[in-house]
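>>> Predicted model and sequence below, questions to follow.
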Amino acid sequence: MDDVNPVPLTFRFIAALALMVLLVPVLIVVLAGLNSGEYLTFPPEGFSLRWVENFFTSPTFLPAFKLSFGLALATTLISTVLGTLASIFLTRSASKAREFLRGLFFLPVVLPGVVLGLALYVFFIWTDVGLARSLAGLIIGHVLVTMPFVIATVTASLVDLDLSVEEAARSLGATPLQAFWKVTLPLITPGISAGSIFAFIVSFGQFELTLFLATPDLQTLPLAIYSSLRYAFEPTAAAAGIFAICLVTVSTLISTRLSNLKKLLSRR
Amino acid sequence: MSDIRLEQLTKSYGDSVAVDSVSLQIREGEFYALLGPSGCGKSTTLRMVAGFVKPTAGRIVVDGQNLTPLPPEKRDIGIVFQNYAIFPHMSVADNIAFGLKLRKKSRSEIDTAVRAALEQVGLTGFEDRFQRNLSGGQQQRVALARVLVTEPRILLLDEPLSALDKTLREEMKFWIKNLQQKLGITTIYVTHDQDEALTMSDRIGVMRAGQIEQSGTPQQIYEEPGTLFVTSFIGQSNILDVKCLEVKEHKATIELGGQVLQASTHHLIGKGTGAKLVIRPENVLMGQEAEAQGVPLLAATVLDETYQGAMLRYRLEVAGQEIVAERQNQFHLEKWDPGAVVRIGWTERRARVLPEDGAGSSSG
């Protein structure tokens, strides 16, 4: 028996094309990183792990990778907590300021990173509280650009949440805080984890904003790749790219697996 | 077990009044239904009692204690929602244990209570199930068990049957009523379904536009409706335009199509003013039945007849107005064809005179 395929052939063709456009550059980076030649060229002259090794021994790339990883972790943590709190306010409050605040929270996504970076830089210098050119300032910048992603996903799950389960918890004797921890939070966890993955990936790859806030001794991976390509056209940059791609892929896989696992466990 | 009193409970949102000075006293162990169309304020009233909505004015008093300033978790009032609100991330056992855990009961106490509650609602063996593996009726039983296990002072039921299919609804109606009687728990039941209210309640409060129009036993509500709204909301009624000649000691003398008739009333209606005569289709007597009762008779023309199995439904015209009569479909009773002229009548007790909507005052 033939199944009628609901997706027209044209659509499938377009989808395949789009997927190719998205994935081919990734493939090129990976292949370029495994190049055995002296320069970043494509197609590679032969395959070797020399640039991968170079990544580990390079005085800039490995520290930059570690910094980006740590920065993304810290950003994700702060962004997830603040973003979740903001979402609760945005969905629950009857305040008139709500729409204004929603706009404000999403502004960093709309504004060009360069504008935001410059604005933050000037603001940090002007306030002169030691945030300019510091790790703390960098984290603040990254939280600003990643939080909208958390807010978007968490808001979506809060809107879907049936308020009567919270009310049921309250009338069974739970304080507002207990109802939140025992009922609301577990139910919006999928939204929160999706938001935190976004935050991590966005922070790890953040470039324009970081350009303004980083210092020579605070080089994130995107910045390190950029400067290495400017001054030496080395395949190490591509090798670093391989690691960045791996990290993002692995973190995405782990978190989806984790949230799926939770679902599977509760389904029994 | 507790009694509950609502004192001029009011809730307004800006200019619109959702609940308008509702006063109500519900006895210990009583099953009280708030019945009304959507938007009449019955749910808002219930949510104020539960503590989810803060009243604009008035008080909620349980066992002499003013609950109005207390948050829901301090009220000891259980509520079952229309959609049951089972916690989807917890098993049935954890759902039921939820309130007990918050009350810091010991593990063994909780286990015993959960088992007993499941047995009570007939769901033994469902401990490890989750919401998505439960039918609507089962979810409702879990929701009830979850509430009852905490031994609340008052039980609130918010349209608990409206999400179920018809057969199950009939079954649950009696099941809930039985459970309520067995436990003797004071219950407020919100519904828009008159059948549920009539069959389950000890008393019914019919609500309209934020106010209780009439409060009484199902029999009083059905047989002695106090207003035209209650009349038309509960069951079917013929509402005829009549002229009121005199009202004396709950008896009204009226005129319909030149015929002077008697009917009962609880209202003071001015002489010579227009009024409404309200009579249920099953109380309209026809032919020999009417004559045998010795009541004043009116000539009516049969417009049509509808066959309803056990009942025959006649649409009649009397004095230029339409009136519906329902007769039992039994072989020995008279039947009429459309166009036939038939004498109809009713006993004084079964016909009620009400003032035109908004006019007149009740004399109790």
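Arrived safely.
>>> which bits of the stretch 51-200 of chain B sit near chain A?
Contacts of the stretch 51-200 of chain B with chain A, taken as C-beta under 8 Å from any C-beta of the partner chain, map to B:51-52, B:71-73, B:75, B:77-79, B:81-83, B:85-89, B:98-99, B:102-103, B:128, B:130, B:132, B:143, B:146-147, B:150. For every residue, glycine as well, the C-beta is placed using N, CA and C.
>>> In strands, which of those residues appear?
When these are checked against strands (DSSP state E), the matches are B:Ile77, B:Gly78, B:Ile79.
>>> Let me see the contact set for the first one.
Looking back up the chat, that one is B:Ile77. A:Ser171, B:Val49, B:Ala50, B:Gly51, B:Val62, B:Leu67, B:Pro152, B:Arg153, B:Ile154, B:Leu155, B:Leu156 (C-beta atoms under 8 Å, 6 or more residues apart in numbering or on different chains).
>>> Kindly report the same for the second one.
For B:Gly78, the contacting residues are A:Ser171, A:Leu172, B:Val147, B:Leu148, B:Thr150, B:Pro152, B:Ile154, B:Leu155, B:Leu156, taking C-beta under 8 Å, 6+ apart as the criterion.
>>> Show the pLDDT at it.
B:Gly78 carries a pLDDT value of 94.
>>> Could you pull out the helices in the chain for me?
In the absence of a named chain, chain A is used. A:9-33, A:50-57, A:61-92, A:98-110, A:113-127, A:135-160, A:163-171, A:176-179, A:185-205, A:208-213, A:221-231, A:236-267 (DSSP state H).
>>> hmm, I had chain B in mind actually
Going by DSSP H, chain B shows helices at B:42-50, B:92-102, B:107-120, B:136-148, B:166-183, B:194-200, B:218-223, B:228-233, B:287-293.
>>> So which residues make contact with the first one?
Spelled out, it's helix B:42-50. The contact list for helix B:42-50 (C-beta under 8 Å, 6+ apart) reads A:167, A:171, B:4, B:6, B:9, B:11, B:18-19, B:22, B:34-36, B:53-55, B:60, B:67, B:72, B:75, B:77, B:79, B:154, B:156, B:158-159, B:188, B:190-192, B:207.
>>> and what of the fifth one?
In this structure, residues lying in contact with helix B:166-183 by C-beta under 8 Å, 6+ apart are B:31, B:120-121, B:136-137, B:140, B:144, B:148, B:155, B:157, B:160-161, B:164, B:187, B:196, B:199-200.
>>> 10 Å instead?
With contact meaning C-beta atoms under 10 Å, 6 or more residues apart in numbering or on different chains, helix B:166-183 is reached by B:1, B:29-31, B:80, B:120-122, B:135-137, B:140-141, B:144, B:148, B:151, B:155, B:157, B:160-164, B:185-187, B:189, B:193, B:195-196, B:199-202.
>>> In that helix, which residues are buried?
Within helix B:166-183, the residues that count as buried by 16 or more other C-beta atoms under 10 Å in any protein chain shown are B:Leu168, B:Arg169, B:Met172, B:Lys173, B:Trp175, B:Ile176, B:Lys177, B:Leu179, B:Gln180.
>>> separation between the fifth one and B:Gln140?
When distances are taken as C-beta to C-beta, to the nearest Å, B:Trp175 and B:Gln140 turn out to be 10 Å apart.
>>> what residues do the two have in common as contacts?
Residues touching both B:Trp175 and B:Gln140 by C-beta under 10 Å, 6+ apart: B:Val121, B:Leu168.
>>> can you count the residues close to A:Pro186?
A count of neighbours around A:Pro186, defined by other C-beta atoms under 10 Å in any protein chain shown, yields 16.
>>> so it makes contact with B:Phe87?
Yes: applying C-beta atoms under 10 Å, one finds A:Pro186 in contact with B:Phe87, separated by 8.4 Å.
>>> In the stretch 1-150 of chain A, where is pLDDT below threshold?
Screening the stretch 1-150 of chain A residue by residue with the criterion pLDDT under 70, one finds the ranges A:1-5.
>>> swap the cut-off to 80 and go again
Residues of the stretch 1-150 of chain A that meet the criterion pLDDT under 80 lie in A:1-6, A:36-46, A:132.
>>> Just the pLDDT at residue 207, thanks.
As the question left the chain open, I've gone with chain A. For A:Phe207, the predicted pLDDT is 90.
>>> Let me rephrase: I mean chain B.
Confidence score, pLDDT, at B:Met207: 95.
>>> what's the answer for B:Met1, then?
In this model, B:Met1 is scored at 67, pLDDT.
>>> do B:Asn329 as well
Note for B:Asn329: predicted pLDDT of 86.
>>> Any figure for the gap between B:Lys173 and B:Met207?
Distance from B:Lys173 to B:Met207, counting by C-beta to C-beta: 20 Å.
>>> Revised request: answer the last question for B:Ala252.
Per C-beta to C-beta, B:Ala252 is found 27 Å from B:Met207.
>>> Among the two, which residue is more densely surrounded?
Between B:Ala252 and B:Met207, counting by other C-beta under 10 Å, B:Met207 is the more crowded of the two (29 against 26).
>>> That one reaches B:Gly41, doesn't it?
Yes: taking C-beta under 10 Å as the definition, B:Met207 is a contact partner of B:Gly41 at 5.8 Å.
>>> so what's in contact with those two at the same time?
Contact criterion C-beta under 10 Å, 6+ apart; residues shared by B:Met207 and B:Gly41: B:Val19, B:Asp20, B:Val22, B:Leu34.
>>> ok and the residue in the stretch 1-150 of chain A nearest chain B?
A:Ala94 (11.1 Å; C-beta to the nearest C-beta).
>>> Next, count neighbours for that residue.
For A:Ala94, using other C-beta under 10 Å, the count is 5.
>>> so what's the backbone phi/psi at it?
Note on A:Ala94: backbone dihedrals following degrees, to the nearest 10 are phi -100, psi 10.
>>> Tell me how far it lies from B:Ala18.
In this view, A:Ala94 and B:Ala18 are 16 Å apart by C-beta to C-beta.
>>> Over to A:Ile254?
Per C-beta to C-beta, A:Ile254 is found 50 Å from B:Ala18.
>>> Out of those two, name the residue with the larger neighbour count.
Neighbours per residue (other C-beta under 10 Å) separate A:Ile254 from B:Ala18, with B:Ala18 holding more: 21 against 11.
>>> Let me see the contact set for that one.
Counting by C-beta under 10 Å, 6+ apart, B:Ala18 makes contact with B:10-12, B:39-45, B:47-48, B:53, B:56, B:209-210.
>>> What sits closest to residue 118 if chain neighbours are left out?
All of this is about chain A. Nearest non-adjacent residue to A:Leu118, counting by C-beta to C-beta, 6 or more residues apart in numbering or on different chains: A:Phe212, 5.9 Å away.
>>> think we crossed wires, I meant chain B
Spatial nearest neighbour of B:Leu118, excluding adjacent residues (C-beta to C-beta, 6+ apart): B:Thr124 at 5.1 Å.
>>> All set, thanks.
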